[in-house]
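Participant: Next one to model:
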Amino acid sequence: MAFYMTSKESMIGKKKVLHSQIKLVEASFGNYKVTDIYEDKDLRAEILAFGVDNTKKRLMILTGIKNRKDKRDKFICIYCLKTEKILMNMLVNNSDLIGRLKSNLYNFVGGHIYFNNNVIKIRYDVIDKH
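Facilitator: Numbers count the residues shown, from 1 in each chain. Sure, this is the predicted structure:
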């Protein structure tokens with residue numbers, strides 16, 4: 001089982017944007033199956049990075065949507081693979097967190113983001129109640 005991302009260029013008004021999708025590949029002996037897992041409903045959204053929490057079956061997705069100033073507003077989305085629903089979506093302004101997620105230099109396990117000697121806890125218990 002492996003996840004990967006694809007992007008395609010499209011025009012929205014006079015702007016070129018990349019729209020992304022996350023797919024799952026399941027391989028077994030002589031064949032494989034590709035499944036579409038996640039695609040943002042907003043066609044302006046480009047997935048910048050994503051992490052997989054295999055223990056909790058969640059995706060953490062960093063997306064960028066170009067604003068009127070032609071800069072990207074960054075959003076973090078938590079997506080449940082079991083229920084196929086978005087559990088949380090929020091605007092992020094912290095450049096340290098954005099840089100860490102874009103670099104993919106972290107481990108995402110059990111609702112925690114581990115990097116260097118640091119841990120960031122994602123409160124699944126709070127978002128599971130919604």
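Participant: what about Met88, neighbour count?
Facilitator: Other residues within reach of Met88 by the criterion other CB atoms under 10 Å amount to 18. From N, CA and C alone the C-beta is placed, and that goes for glycine too.
Participant: Can you name every helix or strand that the helix or strand in which it is found contacts?
Facilitator: Secondary structure assigned from DSSP states H and E places Met88 in strand 85-92. Applying 3 or more CB pairs under 8 Å, 6 or more residues apart in numbering; DSSP states H and E, we find strand 85-92 packed against strand 72-80, helix 124-127.
Participant: taking the mean pLDDT, what do you get for stretch 19-34?
Facilitator: Stretch 19-34 comes out with an average pLDDT of 90.
Participant: Give me the contacts around it.
Facilitator: 1-10, 35-40, 43-47, 50, 59, 61, 63 (CB atoms under 8 Å, 6 or more residues apart in numbering).
Participant: One more pass at 6 Å, please.
Facilitator: 1-8, 10, 35-39, 43, 46-47 (CB atoms under 6 Å, 6 or more residues apart in numbering).
Participant: which of those residues are buried?
Facilitator: 3, 5, 37-38, 46-47 (16 or more other CB atoms under 10 Å).
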